[in-house]
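Undergrad: what shape does this take:
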Amino acid sequence: MATRIDKEACREAYNLVRDDNTDINWASFKYDGSTIVPGGQGIEYEEFKRQCTDDTRLFGFVRITTGDAMSKRAKFTLITWIGENVSGLQRAKISTDKTLVKDIVQNFAKEFMISDVRELEEDYIRDELKKAGGANYDAQTE
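TA: This is a model prediction of the structure:
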């Protein structure tokens, strides 16, 4: 059966993360049968990480704040999580299913495909976003 996506519900979750007037910093999109639906949203990145277990596959849209005291800016990332116990067929399907998610999640600085929980560390994601972001004014304080 072909994978579908609940466009309205997923777009609503995506827009909450993008909205500067909310505290929502992440939204996840998970599989409910053959449909991709919102899997949760929250303020703390650790909450998102807890959803990434060995037997799940999901997509995450995450806001990370970068910059220094003089200039803070929001950077967004799309994370594809594939747990170690996810079957080969489901692993293969996630690549094509990602196009459905990208129809909604269109604005992000960097994309990650992760299956090792160590790569989900917030500092690692932040550092990679800084590299992708061009000018790095934090370097003056290092």
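
Undergrad: would you mind pulling up the elements that the longest helix anywhere in the chain packs against?
TA: In the chain, assigned by DSSP state H, the helix with the most residues is helix 88-102. Judged by 3 or more Cβ pairs under 8 Å, 6 or more residues apart in numbering; DSSP states H and E, helix 88-102 is in contact with strand 4-5, strand 35-42, strand 57-67, strand 72-82. For glycine as for every other residue, the C-beta is placed from the backbone atoms N, C-alpha and C.

Undergrad: most tightly surrounded among these?
TA: Mean neighbour count (mean count of other Cβ atoms under 10 Å) peaks for strand 57-67 among these, with a mean of 21.

Undergrad: can you tell me which helices and strands that one packs against?
TA: By 3+ Cβ pairs under 8 Å, 6+ apart, strand 57-67 packs against helix 7-18, strand 26-32, helix 45-51, strand 72-82, helix 88-102, helix 122-132.

Undergrad: mind saving the C-alpha coords of it as PDB?
TA: Taking Å, rounded to 0.1, in the frame of the first residue of the first chain, the C-alpha atoms of strand 57-67 are listed here in PDB:
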ATOM      1  CA  ARG A  57      11.200   5.500  12.100                       C
ATOM      2  CA  LEU A  58      10.100   9.100  12.000                       C
ATOM      3  CA  PHE A  59      10.800  12.600  10.700                       C
ATOM      4  CA  GLY A  60      11.500  15.500  12.900                       C
ATOM      5  CA  PHE A  61      11.400  19.200  12.100                       C
ATOM      6  CA  VAL A  62      13.500  21.100  14.700                       C
ATOM      7  CA  ARG A  63      14.300  24.700  15.500                       C
ATOM      8  CA  ILE A  64      17.700  25.400  16.900                       C
ATOM      9  CA  THR A  65      18.800  28.800  18.100                       C
ATOM     10  CA  THR A  66      22.300  29.800  17.100                       C
ATOM     11  CA  GLY A  67      24.300  33.000  17.400                       C
END
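
Undergrad: that one to helix 122-132, inter-axis angle?
TA: Strand 57-67 runs at 70 degrees relative to helix 122-132, counting by axes from the mean of the first three to the mean of the last three Cα atoms, to 10 degrees.

Undergrad: now strand 57-67: average pLDDT?
TA: Strand 57-67 comes out with an average pLDDT of 92.

Undergrad: kind regards, and thank you for your time.
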